[in-house]
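Asks: Predicted model follows, preceded by the sequence.
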Amino acid sequence: MKAVVHYALEPCSVELREIAEPTPRAGEVLVRVRAVGVCGSDLHQYHNTQSWQVNVPVVLGHEFAGVIEAVGEGVQGWQVGDRVACETAAVICEQCAYCRTGRYNLCPKRLGFGYGVNGAMTRYVRAPARILHRLPDTLCFEDAAMTEPCCVAAHAVIECSHPKPGDLVVVFGSGPIGLLCLQMAKLFSPRKAVLVGLSTDGERLRIAEAVGADAILCADRDDIEAIVRREGDGLGADLVIDAVGSSAVLEPCLRITRPDGQITKVGWGPEPLGYSLDPLVGKNLRLQGAFSHTWGTWERVLTLMGAGKLKLAPMRRVFPLEAWREAFHAMEQRRTAKSVLIPE
């Protein structure tokens, strides 16, 4: 079967290859992939700019949904034909304090699809039954393939940030996580949910408007701090979400957050900080990191998706698996927020 394979730790070392079809082991199922999303991490691996260890060669893709094709020994509660989405924690130790308390997203031995084990940019992928979730009947596979980034956003906003009705929320980043964090914040009836992007983000800024941004600002053109301070009592934003992959973005976040407010950082930025964190202390701010998700996050998000509470169609473009390069470039060139591959 054809698969998009990251085969070496060098730039552009990704290609479409023929690989053997897997078979499920004990405790696993074989999923026929019906749709798989392209993540920013896939783009980083394509350019070899990732900040995590990659076990090459490996099939890319961790955002996927499909149908169970075969069931391994000992699997209960699942059968051939079930429509499923699958979490990313392909391997965990199941013994550490985090695994035993349900926070396996923090397991030190965690390995995910697409970098630690073979992912889903192919026809079949095997997955542990412990991380399967049943799809609502109302959910199409293209939407279901976006469950994972929706869960990243839900964990960051709902579980780590606890916004309140009437809050002023500012989200930095017009990529898929930023757009989904904005939608999660909108569920709490904020006074205003503001998205900050760049004037070069093009189509993504139009997508932000389509998914409900109350205001859209451009960091390279607008005086973000002055505009935010004109809202409400002038003290700044209650909650700021950093969904940008650059360490420099934390500095304006510190400036616009009101005293005793919160900054939640979900965007990865490997660069060292070149500025003072004194505002974090002087304003009594909470700086919260947000990583991945767990079983409960997925169940909550699939309920929201099945009820039509999230606007996903404006964010995506669909490509056949063979057009993976075009799909990657569409995201890099900001012609879409999310590319979705169909491995037929």
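Replies: Perfect, I can see it now. A quick note: this is a predicted structure, and the numbers were derived from the prediction, not measured.
Asks: How about the contacts made by the nearest residue to residue 265 once chain neighbours are set aside?
Replies: Leaving out its chain neighbours, the residue that sits closest to residue 265 by Cβ to Cβ, 6 or more residues apart in numbering is residue 242, at 4.4 Å. For glycine as for every other residue, the C-beta is placed from the backbone atoms N, C-alpha and C. Residues near residue 242 by Cβ atoms under 8 Å, 6 or more residues apart in numbering: 172-173, 249-250, 253, 263-267.
Asks: Read off the pLDDT value for residue 242.
Replies: What the model reports for residue 242 is a pLDDT of 98.
Asks: where does the stretch 201-344 of the chain have low pLDDT?
Replies: Residue ranges of the stretch 201-344 of the chain with pLDDT under 70: none are present.
Asks: so where do the helices sit in it?
Replies: For the stretch 201-344 of the chain, the helices defined by DSSP state H, counting those that start in this stretch occupy 203-210, 224-229, 250-256, 278-282, 295-306, 324-332.
Asks: buried ones in the last one?
Replies: It stands for helix 324-332. 324, 327-328, 330-331 (16 or more other Cβ atoms under 10 Å).
Asks: again with the second one
Replies: Neighbour-count burial for helix 224-229, counted by 16+ other Cβ under 10 Å, picks out 224, 228-229.
Asks: got a list of contacts for it?
Replies: Contacts for helix 224-229 (Cβ under 8 Å, 6+ apart): 168, 170, 194, 196, 215, 217, 235-237, 252, 255-256.
Asks: The same query, at a cut-off of 7 Å, please.
Replies: Applying Cβ atoms under 7 Å, 6 or more residues apart in numbering, the external contacts of helix 224-229 come out as 170, 196, 217, 236-237, 252, 255-256.
Asks: Would you format the buried residues of helix 324-332 as TSV with distance to residue 300 included?
Replies: As requested, these are arranged in TSV below (distance: Cβ to Cβ, whole Å):
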residue	distance to residue 300
324	31
327	28
328	30
330	30
331	26
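Asks: Pull the number of nearby residues for the nearest residue to residue 104 once chain neighbours are set aside.
Replies: Nearest non-adjacent residue to residue 104, counting by Cβ to Cβ, 6+ apart: residue 92, 4.6 Å away. A total of 20 residues lie near residue 92 under the criterion other Cβ atoms under 10 Å.
Asks: What of residue 80?
Replies: Neighbour count for residue 80, taken as other Cβ under 10 Å: 12.
Asks: Now do the domain split for the chain, please.
Replies: The chain breaks down by automatic domain parsing into domains covering 2-146+312-342, 156-289.
Asks: Now render those domains as JSON lines, adding distance to residue 299.
Replies: Listed next are the domains of the chain as JSON lines, based on distance: least, Cβ to Cβ, whole Å:
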{"stretch": "domain 2-146+312-342", "distance to residue 299": "7"}
{"stretch": "domain 156-289", "distance to residue 299": "12"}
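Asks: Now the helix or strand containing residue 65: average pLDDT?
Replies: Using DSSP states H and E, residue 65 maps to strand 63-71. Average pLDDT, strand 63-71: 98.
Asks: So in that sheet, which strands flank it, and in what orientation?
Replies: Here strand 63-71 has these sheet partners by DSSP bridges: strand 28-37 (antiparallel), strand 83-86 (antiparallel).
Asks: Export these as JSON lines, with columns for mean pLDDT.
Replies: JSON lines is the format used below for the strands paired with strand 63-71 (pLDDT from 0 to 100):
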{"stretch": "strand 28-37", "mean pLDDT": "98"}
{"stretch": "strand 83-86", "mean pLDDT": "98"}
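Asks: What sits closest to residue 51 if chain neighbours are left out?
Replies: residue 270 (4.6 Å).
Asks: what's the spacing between the one you found and residue 52?
Replies: 10 Å (Cβ to Cβ, to the nearest Å).
Asks: again with residue 46
Replies: 14 Å.
Asks: Just want the angle from the helix or strand that residue 196 is a member of to helix 203-210.
Replies: Residue 196 is located in strand 192-197, with elements delineated by DSSP H and E. Relative orientation of strand 192-197 versus helix 203-210 (axes from the mean of the first three to the mean of the last three Cα atoms, to 10 degrees): 170 degrees.
Asks: Run the chain-centre distance for strand 192-197.
Replies: Relative to the chain's own centre, strand 192-197 is displaced by 18 Å; criterion: Cα atoms, centre = their mean, to the nearest Å.
Asks: Residues contacting that strand, please?
Replies: 168-172, 174, 178, 182, 185-186, 204-205, 208, 213-219, 224, 231.
Asks: sorry, back to before: so can I have JSON lines of the strands paired with strand 63-71 showing distance to residue 156?
Replies: Shown next, in JSON lines, are these (distance: least, Cβ to Cβ, whole Å):
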{"stretch": "strand 28-37", "distance to residue 156": "17"}
{"stretch": "strand 83-86", "distance to residue 156": "19"}
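Asks: No more questions from me, cheers.
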